[in-house]
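Enquirer: coordinates only, sequence not included:
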């Protein structure tokens, strides 16, 4: 089968379009012919091997999984002997390893059936970013009606889900983003849209801040919170290979017990139940995934570079 492969850590320049053997199928596995796959920050970390702390799990010198990509949507090709509730031809989506290939394999519990009326491109844009946003708003931030919520990176893949989910929870949302993404963030329901330089010296305070892959210091976040407010740290980007920005998450755990504000790192896990909930919201018209651009499988390097430049408004999807 055709796949995008990577034999050393690095950026888009390390990718090759090659023929590889298809995955073998275990009794609990489902093999899916991929129609669309998404790009997200997690792919960048897995490809670069940064932070270095992940390498004992992902491969010390090169990626243990040579095919990158996490989110995939497609059609069931075949199922293992223990799988009884899916059959060839069923449309499914899931967060899996090795999504940038013609065929992707994962355990049955990783796949969710795609409801009628949702395209493969749209479905592929949901798993990692959508479920991360749901956990940030519902579980970690515990957003409630009437609260003021600040979303940094509001025009990003995760941010484009956080904003409408927080609005749906009854919050008044301020979206922080690049100027070119302001119209999108407003269309997602944010009552206010501000730039990254507009809160310096601000006296505004928010009940919840959902900080997406940011590098704002913990002191800076605390200054923007109400006395008992909550900051949700969704990922982190920064210099240095060992932690690469994730040291802020660790410091938040250490500091939070000693300050009035709650500083909560988000542990994102893509659960099938959460993905199914989001798919239902999309089918019912209550949530709109934002797909900025689509790229062909031969343009994966361009898709990654575009996403990582920060220019993408919402999600980028690779089509097969």
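Expert: Yep, it's here. As the structure is a prediction and not an experimental result, all values here were calculated from the model.

Enquirer: tell me the secondary structure for residue 282?
Expert: Put simply, residue 282 is helix when judged by DSSP: H, G, I helix; E, B strand; the rest coil.

Enquirer: all helices in the stretch 51-200 of the chain, in order from the N-terminus.
Expert: 55-58, 120-124, 127-134, 159-168, 182-187 (DSSP state H, counting those that start in this stretch).

Enquirer: what helix or strand is residue 211 on?
Expert: Taking DSSP states H and E as the criterion, residue 211 maps to strand 206-212.

Enquirer: in the helix or strand following that strand, what's buried?
Expert: Going down the chain from strand 206-212, the next helix or strand is helix 218-223, by DSSP H and E. Neighbour counts using 16 or more other CB atoms under 10 Å place 218, 221-222 of helix 218-223 among the buried residues. All C-beta spots, glycine's among them, are computed from the backbone N, C-alpha and C.

Enquirer: show me what the helix or strand following helix 218-223 is packed against.
Expert: The helix or strand immediately downstream of helix 218-223 is strand 225-234, counting by DSSP H and E. Secondary-structure packing of strand 225-234 (3 or more CB pairs under 8 Å, 6 or more residues apart in numbering; DSSP states H and E): strand 206-212, helix 218-223, helix 247-255, strand 262-265.

Enquirer: can you tell me which of those is most buried?
Expert: Compared across the helices and strands packed on strand 225-234, strand 206-212 shows the largest average neighbour count, a mean of 26 (mean count of other CB atoms under 10 Å).

Enquirer: partner strands of that strand, with direction?
Expert: If you go by DSSP bridges, strand 206-212 pairs up with strand 148-152 (parallel), strand 225-234 (parallel).

Enquirer: so which of these comes closest to residue 9?
Expert: Among the strands paired with strand 206-212, strand 225-234 comes nearest to residue 9, with 23.7 Å by CB to CB.

Enquirer: specify the angle between that closest one and helix 159-168 in degrees.
Expert: Per axes from the mean of the first three to the mean of the last three CA atoms, to 10 degrees, the angle that strand 225-234 makes with helix 159-168 is 140 degrees.

Enquirer: with adjacent residues omitted, what lies nearest to residue 129?
Expert: residue 157 (4.1 Å; CB to CB, 6 or more residues apart in numbering).

Enquirer: burial count for the one you found?
Expert: Neighbour count for residue 157, taken as other CB atoms under 10 Å: 30.

Enquirer: residue contacts, it?
Expert: Neighbouring residues of residue 157 by CB atoms under 8 Å, 6 or more residues apart in numbering: 38-41, 125, 129, 307, 312, 314-316.

Enquirer: take those and keep only those in strands.
Expert: Here DSSP state E is the test, and the contacts of residue 157 give 38-39, 315-316 as lying in strands.

Enquirer: most neighbours of all these, which one?
Expert: Of all those, the highest neighbour tally under other CB under 10 Å goes to residue 39, namely 33 neighbours.

Enquirer: surely it meets residue 318?
Expert: Yes - Residue 39 is within contact range of residue 318, at 6.9 Å (criterion: CB atoms under 8 Å).

Enquirer: so what sits against both of those two?
Expert: With contacts taken as CB under 8 Å, 6+ apart, the residues that reach both residue 39 and residue 318 are residue 303.
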